[in-house]
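Novice: Take a look and give me a structure for this.
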Amino acid sequence: MFDPSDDRREVPEAVLDQAIHWVTILQSGTAGEPEREACRRWRAMSADHELAWRRLEGLRGDVQRSAAGTPAPMARQVLAGGARANGRRKAVKWMLGSAGTGVLAWSALWRMDAGVTTLMADYRTGTGEREHITLPDGSRLVLNTDSAVDIDFDGSQRMLSLLRGELLLETAADNLGRPMLVRAGQMDIQPLGTRFAVRRFNSGDVRVAVREGAVALRHATLAQAQVVHAGEQGRGRPAGWDAIRPFEDICDSWEAGMLVVERMPLGEFVDELGRYRPGRLRCDPAVAGLQISGAFPLADTDAVLASVAAILPVSVRSMTPYWVTLVPP
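Specialist: Okay, the predicted model is just below:
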């Protein structure tokens, strides 16, 4: 039974991971009574499980009640620092484990919760969704899974801000002669009559892959700009530019609903596929180094996993439909 006196007790990180997993499942929109019953059984297994659940639900309630408000200055600092790899997750775990609440708690969860994170974006997509948008100037924009973008067109510029995820842009000539600019984190991307894809990674990296034309890349922390031409991709990191690489089909094949890979390590493939399905998709380290090639339809990720198991020496282990791991046979 849950004891309020446990409020100051720390909760193991593994239990916090499980609590976040169950909230993700139940908020996915596809969970049914079997998933809800499995969550109830998990909560009843130990006091730590129930404590982690109560704390996470409490934070979610704070987020929902505060969604229409404006974060205080301290909260904005948390939001500004949230782009570092795993930063938001670690912050939420710390707050859950130590029973921290208040503005830091709800603002950190604001960033973690996909529904609230993108609440104010002009356009957003959920897991597994794609959206095609025609912009006011006739340019064509496509958003990939779990993505969000703001659009700011005025008399002097055409600005797109990629807040999360991935987009593909095919620019049109502007009758007013306004420059087009795409901002992704600390990177500004200026297209030069082009078709290109931009992806923001959780690490803070930004990848730009150009199918047609060229783009100029400028990074807030780097003095030197970089130009990426058709058939190339560039990647900016906080510490510097990666070397220009050849364009890969995976950079924009998602627009057609396909995941196209060539000799990709299975661990990376699983990470990519996991972007298109709710819950957690994992790969056992023992098989993560296997290489896979092919074109896989994203409309049915379960069928993709079955195909992977048919062509590689792996098995698909499912704890629930939302917790799946590829393991040795």
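
Novice: Only C-alpha atoms from now on, for both contacts and neighbour counts.
Specialist: OK.

Novice: What sits closest to Ile25 if chain neighbours are left out?
Specialist: Gly279 (5.8 Å; CA to CA, 6 or more residues apart in numbering).

Novice: Ok, Leu162 next?
Specialist: Val149 (4.6 Å).

Novice: Identify each buried residue in stretch 266-273, please.
Specialist: Leu266, Gly267, Phe269, Val270, Leu273 (16 or more other CA atoms under 10 Å).

Novice: Which residues does it contact?
Specialist: 259, 261, 281-285, 287-292, 298, 301 (CA atoms under 8 Å, 6 or more residues apart in numbering).

Novice: can you tell me which of those residues are in helices?
Specialist: Cross-referencing those against helices under DSSP state H gives Thr301.

Novice: What is the most widely separated pair among the contacts of stretch 266-273?
Specialist: Across those, the longest distance by CA to CA is 23.8 Å; it joins Pro285 and Leu298.

Novice: Those two - which one has more neighbours?
Specialist: It is Leu298, of Pro285 and Leu298, that has more neighbours when counted by other CA atoms under 10 Å, with 19 against 13.

Novice: distance of the more buried one from Ala209?
Specialist: 20 Å (CA to CA, to the nearest Å).

Novice: With Ile250 instead?
Specialist: Applying CA to CA to Ile250 and Ala209 gives a distance of 10 Å.

Novice: ok, the two, which is more surrounded?
Specialist: Neighbour totals were compared for Ile250 and Ala209, and Ala209 leads with 30 against 16 (other CA under 10 Å).

Novice: How about the more buried one: what's its closest non-neighbour residue?
Specialist: Ala209's closest residue in space is Gln233 (CA to CA, 6+ apart), at 4.0 Å.

Novice: quick one: strands adjacent to the helix or strand the one you found falls within?
Specialist: Using DSSP states H and E, Gln233 sits in strand 232-237. Strand 232-237 sits in its sheet next to strand 206-212 (antiparallel), strand 240-241 (antiparallel), strand 245-246 (antiparallel), going by DSSP bridges.

Novice: and for that strand, what are the contacting residues?
Specialist: 187, 204-211, 219, 228, 241-248.

Novice: try 7 Å
Specialist: With contact meaning CA atoms under 7 Å, 6 or more residues apart in numbering, strand 232-237 is reached by 204-210, 228, 241-247.

Novice: Show me where the stretch 151-300 of the chain has its helices.
Specialist: Secondary structure of the stretch 151-300 of the chain (DSSP state H, counting those that start in this stretch): helices at 266-274.

Novice: What segments of it are strands?
Specialist: Secondary structure of the stretch 151-300 of the chain (DSSP state E, counting those that start in this stretch): strands located at 158-164, 166-170, 180-184, 187-191, 195-200, 206-212, 214-219, 226-229, 232-237, 240-241, 245-246, 258-265, 280-283, 291-297.

Novice: Kindly spell out which helices and strands sit in contact with the fourth one.
Specialist: Just to be clear, that refers to strand 187-191. Counting contacts by 3 or more CA pairs under 7 Å, 6 or more residues apart in numbering; DSSP states H and E, strand 187-191 packs against strand 180-184, strand 214-219.

Novice: any chance of those strands in a markdown table, plus mean pLDDT, mean neighbour count and distance to Ser161?
Specialist: A markdown table is the format used below for the helices and strands packed on strand 187-191 (pLDDT from 0 to 100; neighbours: other CA atoms under 10 Å; distance: least, CA to CA, whole Å):
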| stretch | mean pLDDT | mean neighbour count | distance to Ser161 |
| --- | --- | --- | --- |
| strand 180-184 | 95 | 21 | 5 |
| strand 214-219 | 93 | 21 | 14 |
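
Novice: Out of those, flag the one nearest Asn144.
Specialist: So among these, strand 180-184 is nearest, using CA to CA, at 14.6 Å.

Novice: returning to that earlier point: out of the strands of the stretch 151-300 of the chain, name the one with the poorest average pLDDT.
Specialist: Ranked by mean pLDDT, those end with strand 240-241 at the bottom, a mean of 83.

Novice: now it, how far from the centre of its chain.
Specialist: Centroid separation for strand 240-241 versus its chain: 22 Å, with CA atoms, centre = their mean, to the nearest Å.

Novice: Contacts for it, please.
Specialist: Leu222, Arg235.

Novice: returning to that earlier point: next, work out how far apart the residue nearest to Ala209 and Asp252 are.
Specialist: 11 Å.
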